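> one predicted model, sequence on top.
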Amino acid sequence: MDIGSDMGAQMDLFQSLITESKKLAFDLSSIFSRSVNLNVAAKGHNADHIYLPQINMALAFDLDQYRPVFLKPVEGSVRDVKSL
């Protein structure tokens, strides 16, 4: 099944992975891109203070089950705190 561009299918997958976990870790990482085909790539500041087009990837990780429970691309201009 190709769920890469189907947000509903992605949410169904991650919903099936969520357990009664009491501990989650969150991470937001920046990926630089010069592609003109990525709608979420936007200029934004990151931890290294580099102002280039980028995509932020938000990840939630279940520390009890040792697996990701959420992964979402976030527009590069969205600040870390706002993405949570």
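Everything's here; your move.
> dig out what Ser29 forms beta bridges with.
Beta-bridge partners for Ser29, by DSSP bridges, are Met57.
> list the contacts of it.
56-57, 59 (Cβ atoms under 8 Å, 6 or more residues apart in numbering). (Each C-beta comes from the backbone N, C-alpha and C, glycine too.)
> which of these lies closest to Pro73?
Among the contacts of Ser29, Met57 lies closest to Pro73 (Cβ to Cβ), at 5.9 Å.
> could you give the number of residues near the closest residue to Leu63 other than its chain neighbours?
Spatial nearest neighbour of Leu63, excluding adjacent residues (Cβ to Cβ, 6 or more residues apart in numbering): Lys23 at 3.9 Å. Look at Lys23: counted by other Cβ atoms under 10 Å, it has 9 neighbours.
> tell me the secondary structure for the residue sitting furthest away from the middle of the chain?
What lies farthest from the middle of the chain is Glu20; by Cα atoms, centre = their mean that is 21.5 Å. Here Glu20 is recorded as coil under DSSP: H, G, I helix; E, B strand; the rest coil.
> quick one, grab the pLDDT at it.
As predicted, Glu20 sits at a pLDDT of 73.
> check the contact between Leu63 and Leu24; I expect there is one.
Yes: checked against Cβ atoms under 8 Å, the pair Leu63 and Leu24 is within contact range at 6.6 Å.
> which residues touch the biggest helix by length in the chain?
Secondary structure assigned by DSSP state H gives helix 7-17 as the longest helix of the chain. Residues from elsewhere that reach helix 7-17, judged by Cβ under 8 Å, 6+ apart: 1, 3, 62, 65, 67-72.
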